[in-house]
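In: sequence and computational prediction follow.
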Amino acid sequence: MADGRMKAVVDDDSSMDGDDEIGRADEDEEEYDKLELELSIGRWGWKGGMPMDGGRREWFPQMDQNVGSSRFFERQAAARQAFPHRQPVADPALRFWGEDLVATPFARVGPAGLIRLDDETILETERAMSDRERDNQHKRPKVLASLEACDYAAASSSGAEVSSQQATGEYTIQGSSVLSDIEMASYLSLSSNDDGDGRPRESNDGGGADGGGGRNIEDVEVRMDLTDDLLHLIFSFLGQKDLCRAGATCKQWLVASTHEDFWRCLKFVNTGISQQNFVAICRRYPNATELNMSGIPNADVLVMEAMTSLRHLETLILDKGQLGDAFFHALTDCPALTNLKISDASLGNGIQEITVYHDRLRDLQIWKCRALRISVRCPQLQTLSLKRTSMAHALLSCPQLHELDLSSCHKLSDAVIRSAATSCPLLASLDMSSCSCVSDETLREIAFACPNLCILDASNCPNISFESVRLPMLIDLKLQSCEGITSASMSAISHSRMLEALQLDNCALLTSISLDLPHLRNISLVHLRKFVDLNLRSPVLSCINVSRCSALHRISITSNSLQKLALQKQESLATLSLQCHNLQEVDLTECESLTNSICEVFSDGGGCPMLRSLVLDNCESLSTIGLNSSSLVSLSLAGCRGMTFLELSCPNLQKINLDGCDHLERASFCPVGLESLNLGICPKLSILRIEAPKMSNLELKGCGVLSQASINCPLLTSLDASFCRQLVDDSLSMTAASCPHIESLILSSCLSIGFGGLSSLHWLRRLTLLDLSYTFLMNLRPVFDTCSQLTTLKLSACKYLIDSSLDALYKEGALPALCELDLSYSSIGQSAITELLACCTNLVHVNLNGCANMHELVWGSNDFHSLEMPNDVCPPNLMFLKKDNEAFRKSEHLLETLNCTGCPNIKKVLIPTMAHCFHVFKINLNLSANLKEVDLACFNLSTLNLSNCSSLEILKLDCPKLTNLQLLACNMLAVEEVEVAVSNCTMLETLNVHSCPKINAEDIGRLRVVCPSLKRIQSGQPMQ
């Protein structure tokens, strides 16, 4: 439908000129894109009647339509309701456009060519419109859902002419708002009621009872919430193609999409628009200020056709094609033109000079074009670009020119470039990069003729050395890949006292730079193979790019504005001198030749008082690093494998990276602002001194040779000294005295810690976790006497512990807050373990893994305590004793997890109801090869692991809340035992009997019968 509408607007009369390019309904997608813009331009019509009456064919632009045609639709609907007996003229031959007479169902053509409306018709119309306006005062605007609802046809009387005379009872409609509304209806009916080839479209409603195909006006009205201003705002974000598609939706959108504000810039990029349509659009929008014809063949012909219409055109963009001399002469027809851009085009016929002349042109860009000679004579021109244009000669007469771009004009000779540049005395910017013919003589003449030159790009000009060139006003200088630039050239550059930016990349012969420029801000020195020495002095220097200068040995920089300096991978850099009072970040990664003296540069008094971040990663020549900086916050020394001594006095240091410093032997952090420190990656560290008022976490894990440690961290809460085998009691005592807030102390594998070291733990009033695993301790009395707040005690693999070592726990009630006890792989005997489990009722987690001296685990009951019984954990068969109306029961254990994995000699595990283990929810007995009997009565037990108990024969369970039972590889366990055991586990969901040879596939069904709650049985047997 939209395709037909767009094509009908500018459809040529096929009966007159035979042009059927636009009118065919079966146009392909490419042709559809060509004509999308035609909604905005009007249509062809006949002026003065039909051809047989002497009329002539002309183009009529679209009438002026106010945005938001809802009010117009309302007036038309009111008139239709007021005169239902009047039918519109249906003869399509009477539909015309433009200055011809237009008749409506309620208008008659009177004498003298005037449209006469009788009094009765006028009164009825006004009354109907008034009533409808009154009804719609508090309603949203209405639009018609279909254009067929407004089908007032237009008619013309042949030979009649519209006059401006007025008489009694007559209304002259020409030029009035009434005519404009009627003309809009006629125009929109033409653009919507045909399918593009002049044939009326079929109505979707199937026609009415009267055969007229009309519909009730109330049936086609819909509410719209888009006001005119809102619709205008929305359309302002659309491109021209989208505007055309939107305009094909309804009349209101058509009016809004054709608003002049959206068509100031006519962009026909890569659009195959015809000359006829293009001219029509230009006439429709004569106030357009920009025209883009990129990618359009024969664009010069189209532009010359539109010159007379677009009198306000300011910007013209063209590319490709052939632009002859006639095109450039036609530019004078656009007096307002200020910007002209031409790219990738052929100028002229190859044997003549192309002259560009315009009085008001200010910006001219001719890129990648081909011409023999170009002459530019524009008195107001300020910017000219001939970049990559292939031409042998260029003549400029532009006294106001400020910017000239001749880059990559390889055919221009040195004399032509000199003549072109020197003819512009006001030239401020010159780009002649990649012009290989440019010489120093040309530069000197340009410097003399253009005293205001401040931007110069002479990159890739191999013949210039810049010697004896004086450009005092120069601000930006680019000399990249200039093979003639040497250290002698720096003398000429130093005369440019206003210079702010300098680029000297890939100048292969440059060996040293010494510049003192008060305004220099940026300098780039990349890939200078012979560059050795750099000396820069500039108070405003803020950016230095030095990279891939493999021979660079010395750097001296003085600046008050430099904040960040990156000199990565300068393998030969050995000397660095900085006087940069605002420097905050320095990166010297992989500067392998730096010496220890570099530390003086970054210490207080070294010239960088504001330094906050220093990166010295992989500087392998550094052996001794000593920094004294009050401003340093972050330090990275990763990969400094040659460093053996580190001394830091940086009170504000918050972050340090010592990864890969595996040869560090002595370290001092006094003082530092670190909150955490990890020195476990320094296996050779033997002497350590730390003074950190804010440190809370210190990790020394793996410092195997650490023998002397002085740690003064009053806020330290966690200390991990695992595997510090040479850490002695004196170091532990000093640390405990100076760090009283330690809560977690890990001394695993600290073989040198003895009774004296444990005695110092009385300083640690907040200690809750103590790990003494893999030590040679025998007497734990200092721990039991002074660490009453301890909650976790780990004594794993303490081979020298005996039963009496733990007497204080179960005989004296030591460590009343202890919740977790780890005795895995210890030498504790059977009696001590039995007493611990029976008496230490406060234990929550107990680890007895690998205890070879444990033969059985049988819990009994001893004491009675007056204690209220929790109803949710009380089994139904629990016995109560009544005394004086108070309930008494045996004291209950708080144990939740019991791990006895890999106990090789345990044979029996018995936990009866009277053991009061009401909180146990997990028991691990796996890998106990000699375990034969398990009898458990644990009300809250949830997980039981008996995997790889190859000798297990008896299994009794009274665990109503058990959900997971693991019996993997229990070779001796019979299915009958399993049936009896799981029958009392009413909540069991997972059962693993894989690799149990006495349990077959047919037994799986029996297990499901006795335990209906089972959801998953892992057997490894194929199902029958």
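Out: Yes, it's here. Residues are numbered from 1 along each chain as shown.
In: pass me the low-pLDDT residue ranges in this structure, would you?
Out: Low-confidence segments of the chain, defined by pLDDT under 70: 1-225, 860-891, 1021-1024.
In: let's go with 80 and repeat that
Out: When the per-residue scores of the chain are filtered using pLDDT under 80, the ranges that remain are 1-226, 350-352, 859-892, 1020-1024.
In: can you pull up the bridge partners for the nearest residue to A566 once chain neighbours are set aside?
Out: Nearest residue to A566 in three dimensions, chain neighbours excluded: D587, at 4.4 Å (CB to CB, 6 or more residues apart in numbering). C-beta coordinates here come from the backbone N, C-alpha and C atoms, glycine included. Note on D587: beta-bridge partners by DSSP bridges are A566, V615.
In: tell me which residues touch D587, please.
Out: Contact analysis of D587 by CB atoms under 8 Å, 6 or more residues apart in numbering lists L565, A566, L567, Q568, V615.
In: thought L616 was touching the fourth one, still the case?
Out: No: in this structure Q568 lies outside contact range of L616 using CB atoms under 8 Å: 11.3 Å.
In: tally of neighbours for G680?
Out: Other residues within reach of G680, judged by other CB atoms under 10 Å, total 18.
In: checking it next. Helix, strand or coil?
Out: On the three-state scheme (DSSP: H, G, I helix; E, B strand; the rest coil), G680 is labelled coil.
In: same question for the one 10 residues further on.
Out: With three-state DSSP as the basis, I690 sits in strand.
In: for it, list each beta-bridge partner.
Out: Beta-bridge pairing of I690 under DSSP bridges involves F669, I711.
In: so how far is L715 from it?
Out: 12 Å (CB to CB, to the nearest Å).
In: what does Y357 give?
Out: 82 Å.
In: repeat for K811
Out: Taking CB to CB, one finds K811 at 38 Å from L715.
In: test my guess that S550 contacts R529.
Out: Yes: the pair S550 / R529 is scored as a contact, 6.7 Å apart, by CB under 8 Å.
In: what about the nearest residue to A299 once chain neighbours are set aside, how many neighbours?
Out: Counting by CB to CB, 6+ apart, A299 lies nearest to M293, which is 4.0 Å off, once chain neighbours are set aside. When counting by other CB under 10 Å, one arrives at 25 neighbours for M293.
In: and M293, what does it touch?
Out: Here M293 is in contact with F268, V269, A299, L302, V303, L316, I317, L318, D319 (CB under 8 Å, 6+ apart).
In: D516 too?
Out: Contacts for D516 were tallied using CB under 8 Å, 6+ apart; they are S494, R537, S538.
In: and if we set it to 7 Å?
Out: S494, R537 (CB atoms under 7 Å, 6 or more residues apart in numbering).
In: ditto for T289
Out: Counting by CB under 7 Å, 6+ apart, T289 touches R264, C265, H312, L313, E314, T315.
In: spatially nearest residue to it, not counting backbone neighbours?
Out: Using CB to CB, 6+ apart, the closest residue to T289 is E314 (4.6 Å).
In: residues near that neighbour, how many?
Out: Neighbouring residues of E314 were enumerated by other CB under 10 Å; the total is 18.
In: and for L790?
Out: L790: 22 neighbours (other CB under 10 Å).
In: now it. Nearest residue, chain neighbours left out?
Out: Leaving aside its sequence neighbours, L790 sits nearest to L815 (CB to CB, 6+ apart; 5.3 Å).
In: could I get the phi/psi values of the one you found?
Out: Backbone geometry at L815, expressed as degrees, to the nearest 10, gives phi 50, psi 60.
In: swap in V934?
Out: Backbone dihedrals for V934, given as degrees, to the nearest 10, come out at phi -130, psi 120.
In: that one contacts E953, correct?
Out: No: when contacts are counted by CB atoms under 7 Å, V934 is not listed as touching E953 (9.7 Å).
In: who has more neighbours out of these two?
Out: A count of neighbours by other CB under 10 Å puts V934 above the other of V934 and E953, at 25 against 15.
In: of I690 and L715, which one has the most company?
Out: When neighbours are counted by other CB under 10 Å, I690 and L715 differ, and I690 comes out ahead with 25 against 14.
In: so what's that one up against?
Out: Contacts of I690 were listed using CB under 7 Å, 6+ apart, and they are F669, I711, N712, C713.
In: quick one: which of these is nearest to E260?
Out: Sorting the contacts of I690 by distance to E260 puts F669 at the head of the list, at 73.9 Å, by CB to CB.
In: hmm, that closest one is touching L648, no?
Out: Yes: using CB under 7 Å, F669 makes contact with L648 at a distance of 5.3 Å.
In: which secondary structure element contains the residue nearest the centre of the chain?
Out: Nearest to the mean C-alpha position of the chain, by CA atoms, centre = their mean, lies F237 at 24.3 Å. F237 belongs to no helix or strand when assigned by DSSP states H and E.
In: do you know how far it is from A246?
Out: As judged by CB to CB, F237 and A246 stand 11 Å apart.
In: and what of A667?
Out: A667 sits 73 Å away from A246, going by CB to CB.
In: have a look at these two and say which one is more surrounded.
Out: A667 (23 against 19).
In: just the buried ones out of the contacts of D587, please.
Out: L565, L567, V615 (16 or more other CB atoms under 10 Å).
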